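Asker: Dropping the sequence and predicted coords here.
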Amino acid sequence: MADLDTSTADKQDKEYFTDTPQKVPDFFLKGSHQYDWGLKNRLSKVFNPKTGRTIMLAFDHGYFMGPTTGLERVDQTILPLEPHCDCLMLTRGIQRSIIPASTQKAIALRSSGGTSMISPMDEWEGELDGKALKLGRPGYEPLSYEDTAVDIEEAIRLNASVLAVQVFIGSQHERRSLQNLTKTIDAAARYGIAVMGVTAVGRAMARTPKYFRMATRIMAELGCHIVKCYHTDEEFETVTSCCPVPIVIAGGKKRPELDALQMAYDACEQGASGVDMGRNIFQADAPVPMMKAVRGVVHEGMKPAEAFQLYNDLKNEA
Ligand code: R5P
């Protein structure tokens, strides 16, 4: 029990700051100022409040690809990168088996799944690059045929800050994937957990600004707190501009390190709130230097050439 306040003079001995209005704190993250406390607090662990940006390290690829190159032994390849990111994007299986529970990093938990990469992307017939193309095999469920893959109670047990759901706009099972998303948003809303819609792309879905404007906006309108999509060489600022919540970019297939740094830089300059990058970090020639160089671009105001210099210096020191 607290000691009694024995002051008898009451008002004279106390300072009520009656002339000072109580502060109304602002919130740093795009579109997120009207959320509840717990959700804002979780988002503040994912996004650095000083820069408004995040470096999510994506290594959830195994959920449909198995032991992806660079992820054969997550304990060997990802744990050295963990200190340098803001958020770990992963599956519950890897979280429980490999990631120390003492980690201070935010968790973005892969929450949809159900098909593997040997399923076709879609049942689709048409023309691509001037050639007739038919996708899909009778009897196979395409990649877009996902379910939710984690209960909300399990996400709470794993202390997730974000649930990541794959969304297949324009695909055979678009409706199903959007329902996975909205069901997850409703469940997560009960506990103040954020949901990230992840834009799936396939051979039948063009990676154009028009496609990403539509896909990201649909996900935001349906209630996503974060949207993940790919960077486009043109008009990317229109994608971020018409999406009312933060966009983070996926890295995509491995490219030369300078190109990947340039892409992260351009995306942030064009309004992205950071990266959710995997293969361009853990498949780099020197993953820890690459992680630090990405950090330089996203959080420390480095230009791509400067960050690439840092990458080479650190690589040569090792
Ligand atoms: C793919 O669906 C996974 O969600 C990955 O997290 C995503 O593709 C980002 O990884 P990367 O930068 O390797 O493309």
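Answerer: Noted; the coordinates are in hand. Numbers count the residues shown, from 1 in each chain.

Asker: export stretch 94-104 as PDB, just CAs?
Answerer: Once side chains and other backbone atoms are set aside, the C-alpha atoms of stretch 94-104 remain, and they are given as PDB (Å, rounded to 0.1, in the frame of the first residue of the first chain):
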ATOM      1  CA  ILE A  94      10.800 -21.600 -37.500                       C
ATOM      2  CA  GLN A  95      10.000 -19.100 -34.700                       C
ATOM      3  CA  ARG A  96       9.500 -21.900 -32.100                       C
ATOM      4  CA  SER A  97      12.400 -24.100 -33.300                       C
ATOM      5  CA  ILE A  98      15.100 -21.600 -34.100                       C
ATOM      6  CA  ILE A  99      14.500 -18.000 -32.900                       C
ATOM      7  CA  PRO A 100      15.500 -17.400 -29.300                       C
ATOM      8  CA  ALA A 101      12.600 -16.200 -27.200                       C
ATOM      9  CA  SER A 102      14.800 -13.500 -25.800                       C
ATOM     10  CA  THR A 103      14.800 -11.700 -29.100                       C
ATOM     11  CA  GLN A 104      13.800  -8.000 -28.900                       C
END
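
Asker: for that stretch, the distance to its chain's centre please.
Answerer: Averaging C-alpha coordinates over stretch 94-104 and over its chain gives two centres that are 18 Å apart (CA atoms, centre = their mean, to the nearest Å).

Asker: any idea how far residue 268 lies from the ligand?
Answerer: In this structure, residue 268 and the ligand are 15 Å apart, going by CB to the nearest ligand atom, to the nearest Å. (C-beta placed from N, C-alpha, C; glycine too.)

Asker: Who are the contact partners of that residue?
Answerer: 53, 274-275, 297-298 (CB atoms under 8 Å, 6 or more residues apart in numbering).

Asker: Mark which of these are part of helices, please.
Answerer: Using DSSP state H, 297-298 are the members of the contacts of residue 268 that sit in helices.

Asker: who in the stretch 1-150 of the chain is up against the ligand?
Answerer: Near the ligand, the residues belonging to the stretch 1-150 of the chain are 58, 60-61, 89 when assessed by CB under 6 Å from any ligand atom.

Asker: what's next to the strand or helix carrying residue 312, contact-wise?
Answerer: Secondary-structure assignment from DSSP states H and E places residue 312 in helix 304-317. Applying CB under 8 Å, 6+ apart, the set of residues contacting helix 304-317 from outside is 257-258, 261-262, 265, 285-286, 288-290, 292-294, 296-297, 302.

Asker: That one: which residues count as buried?
Answerer: Residues 304, 306-308, 310-312, 314-315 are the ones in helix 304-317 that count as buried (16 or more other CB atoms under 10 Å).

Asker: from the middle of its chain, how far away would that helix be?
Answerer: Here helix 304-317 is found 25 Å from its chain centre; the criterion is CA atoms, centre = their mean.

Asker: rewinding a little: any of the residues of the stretch 1-150 of the chain next to the ligand buried? List them.
Answerer: Buried residues within these, counting neighbours by 16+ other CB under 10 Å: 58, 60-61, 89.

Asker: and of those, the nearest to the ligand?
Answerer: Taking CB to the nearest ligand atom as the measure, the ligand sits nearest to residue 58 out of those, at 3.3 Å.

Asker: Contacts only, for the closest one.
Answerer: Taking CB under 8 Å, 6+ apart as the criterion, residue 58 is in contact with 89, 250-251, 276-278.

Asker: Leaving out the residues flanking it, which one is nearest to it?
Answerer: Leaving aside its chain neighbours, residue 58 sits nearest to residue 278 (3.6 Å; criterion: CB to CB, 6 or more residues apart in numbering).

Asker: who's in contact with that neighbour?
Answerer: When contacts are counted by CB under 8 Å, 6+ apart, residue 278 is found next to 57-61, 89, 250-251.

Asker: and which of those residues is nearest to residue 193?
Answerer: The shortest distance between residue 193 and any of the contacts of residue 278, using CB to CB, involves residue 89 and amounts to 14.3 Å.

Asker: Each with direction, which strands does the strand or helix carrying the closest one pair with?
Answerer: Taking DSSP H and E as the definition, residue 89 sits inside strand 87-90. The pairing partners recorded for strand 87-90 under DSSP bridges are strand 54-58 (parallel), strand 106-110 (parallel).

Asker: Thanks a lot, catch you later.
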